[in-house]
Structures are given as structure tokens and as C-alpha cells.
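Enquirer: predicted coordinates and the sequence they were generated for:
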Amino acid sequence: SLVRGEDGRMSHLVGVFSDLSGRKAAEQRLLESNAELEQFAYVASHDLREPLRMVASYLGMIERKLGPAVTPDLKEYLGYAVDGARRMDALILDLLEYSRVGRGAPHTRRFALAEVIARASGNLKVAIEESGAELFVAGGDLIAEADGEDCLRVLQNLIANAIKYCPPDRQPGISISCRSEGEMIAVSVADNGIGIPDSQFDRIFRMFQRLHGRQEYGGGTGIGLAICKKSVERMGGTLRVASTVGMGSTFTFTLPAAAAV
Ligand code: ADP
């Protein structure tokens, strides 16, 4: 800031410099140490949901009680508050989900990919219909031997993102293809959406990392892909992305193929 003398002319210049490298390094360590985050997520998510539900339901009650006395600005403020509570609830649910992956033994079974793809698209029926998304499936007859719920969770997250990260003036086109890769099956979910720059490929799989605006592309938490990565690695597979900005992205994960009987 400028300091002026009595004559109004600048006499000093005061500048404050803070070295943020220590804090940045600590944040980075926390992001990379999933174990600590997991522990935190598990404890916090249980305790946070209950009071949050109370806040949301009392806000609704206040609005109902006020009835016609709710002025337009009051309605707007209540709307922001409810929206904030909803976003926080989504975040807590995702944290809970993240910490749940990998707890307990995996429920390994044989299943055809087509079965899990059908369940994933059934669960996303509303989002698919509202967006007008078209889904193409190839190679669904391949049989995997893995945790079907983990696989469902991954597919659902990837399809939901393919719908969400599509420009508003474009109809989402999603193509899911399964193919054999030695002892594994590779499942790709390709979209025609906004795409991801190469430099961000690693970042998007880390917790709380979002590239695109919440306003434009819906309220995400930045945890979905971290959940996918953890689920896929638990099945002994890998998750990767290839993308061209403005053209679309392809997320590919692998999971163990069933041995021939
Ligand atoms: P979010 O809850 O924000 O969707 P994710 O972990 O699922 O969190 O994704 C992290 C970020 O990666 C998103 O915020 C978005 O910027 C980017 N992303 C994920 N999937 C896609 C996709 N199919 N196309 C373009 N960007 C994507």
C-alpha cells in the first residue's frame, strides 16, 4: 500500500511478502496421503450428516411457516441456504462412499459386463432421458470375475460424468465398449464432451480436484474419479484417460476376466 506524506505525495511503499511454499507442500502431502483423508472422511461423514439434515429441514419449515409473508429476497436467501446444505450433503455422501470402498472383503463373482452396464444405465435413467444422451454398447457379452458392485459404481460415475461434462448445445453420445486384454477385460466409456487437457490427466483422479465450473457443469464434489480409481485398483485393474479438448474423452478401466470353465 501507498503511504503519503502531509503534502499528499507518496513517501513510502509498504509491501508484505508471505512464503506459502510450506503451506502448499503440506496441502500436497495431505492430498497424496489417502490414508489420512480416508480416516478423516469416515469419522467426519457420520457426524456431519445428522445436523445438516436438521438445518435443511428447519429451513424448509421456516419457509412453510412464513407462507405468503416470504418476500422474494427472503425466498432467494432461503434457496441459497438450502442449496448450500444440499451441496454439503453431496460432499459428505461422496466422502463416505470414498471411505467405504475397500472396507471389508470384496464380493467377487462372475458376471457379464452387459448386466452391470444395464444396471448402471437403469440407475441413471432420469439423467440420460433429461439430457437426451444416446448410449451405444459393444462387447457386453464378456464375462468378468470381480466385485460387481465396485464395477457398477465405476461405470455409473463415468457415465454420469460423460453426461455432465458435455456442452449444453450438444447431445451427449456415449459409447461403452468392452474388449479382452489378456487376462483382463478393458472397458472404455467414450464421450463427445468438453474434453480434458493432457496436463490435467493425473490431477483429475485426485480427491477434490475439479477443472470445470460448478455453475456451468453441475455441482460436483471432485471425488467421483478418486472413488473410481480406488475401486478399480481394488479389483486389480487400472483406470486411465485419453482426451482431446472440445472433442471428448475416453476413460478406460480394466478388471479381471473370468477363467474359462
Ligand atoms: P466431479 O464431482 O467434479 O464430477 P470427478 O472426480 O468425477 O468430480 O471429476 C473431476 C473433474 O474431472 C471434474 O470436475 C471435471 O472437471 C473433470 N472431468 C471428469 N469427467 C470428465 C469428462 N467425461 N469430460 C470432461 N471433464 C471431466
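Expert: Good, I have the coordinates. Residues are numbered from 1 along each chain as shown.

Enquirer: got the CA coordinates for stretch 251-261 in PDB?
Expert: Extracted in PDB, the C-alpha atoms of stretch 251-261 (Å, rounded to 0.1, in the frame of the first residue of the first chain):
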ATOM      1  CA  PHE A 251     -12.000 -43.300 -19.700                       C
ATOM      2  CA  THR A 252     -10.700 -46.900 -19.700                       C
ATOM      3  CA  PHE A 253     -10.600 -49.300 -16.800                       C
ATOM      4  CA  THR A 254      -9.500 -52.900 -16.600                       C
ATOM      5  CA  LEU A 255     -10.800 -55.700 -14.400                       C
ATOM      6  CA  PRO A 256     -10.100 -59.500 -14.300                       C
ATOM      7  CA  ALA A 257     -11.700 -61.700 -16.900                       C
ATOM      8  CA  ALA A 258     -13.400 -64.900 -15.700                       C
ATOM      9  CA  ALA A 259     -11.300 -68.000 -16.300                       C
ATOM     10  CA  ALA A 260     -12.900 -70.400 -18.900                       C
ATOM     11  CA  VAL A 261     -15.000 -73.200 -17.300                       C
END
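
Enquirer: neighbouring contacts of that stretch?
Expert: For stretch 251-261, the surrounding residues in contact (CB atoms under 8 Å, 6 or more residues apart in numbering) are 110, 142-146, 151, 154, 158, 161, 180-181, 183-190, 228, 232, 235-242. Where C-beta positions appear, they are placed from N, C-alpha and C, glycine not excepted.

Enquirer: of those, which ones also sit close to the ligand?
Expert: When CB under 6 Å from any ligand atom is applied, the members of those adjacent to the ligand are N161.

Enquirer: quick check on the contacts of stretch 251-261: which are buried?
Expert: Listed as buried from those are 142-146, 151, 154, 158, 161, 184-190, 228, 232, 235, 237, 239, 241; burial here means 16 or more other CB atoms under 10 Å.

Enquirer: narrow those residues to those in strands?
Expert: 143-146, 184-190, 239, 241 (DSSP state E).

Enquirer: what's downstream of the longest helix seen in the chain, the next helix or strand?
Expert: Scanning the chain for the longest helix, with DSSP state H as the assignment, gives helix 34-66. Once helix 34-66 ends, the next helix or strand along the chain (criterion: DSSP states H and E) is helix 72-100.

Enquirer: ok and that next one relative to helix 34-66, angle-wise?
Expert: For helix 72-100 against helix 34-66, the angle by axes from the mean of the first three to the mean of the last three CA atoms, to 10 degrees is 150 degrees.

Enquirer: ok, E145 - contacts?
Expert: Going by CB under 8 Å, 6+ apart, E145 touches T108, R109, R110, P256, A257, A258, A259.

Enquirer: by neighbours, which of these wins?
Expert: A257 (20 neighbours; other CB atoms under 10 Å).

Enquirer: rewinding a little: check the offset of the longest helix of the chain from the chain's centre.
Expert: The chain centre lies 19 Å from the centre of helix 34-66; the measure is CA atoms, centre = their mean, to the nearest Å.

Enquirer: stretch 249-258 now?
Expert: The chain centre lies 18 Å from the centre of stretch 249-258; the measure is CA atoms, centre = their mean.

Enquirer: for stretch 142-160, same thing?
Expert: 16 Å.

Enquirer: now stretch 252-259
Expert: Offset of stretch 252-259 from its chain centre (CA atoms, centre = their mean): 23 Å.

Enquirer: then stretch 10-27?
Expert: The chain centre lies 33 Å from the centre of stretch 10-27; the measure is CA atoms, centre = their mean.

Enquirer: and that stretch, average pLDDT?
Expert: For stretch 10-27, mean pLDDT rounds to 74.

Enquirer: equivalent analysis for stretch 217-225, please.
Expert: For stretch 217-225, mean pLDDT rounds to 84.

Enquirer: now stretch 73-83
Expert: In this model, stretch 73-83 has an average pLDDT of 90.

Enquirer: do the longest helix of the chain and the ligand meet at all?
Expert: No: against the ligand, helix 34-66 shows no contacts by CB under 6 Å from any ligand atom, the least distance being 13.8 Å.
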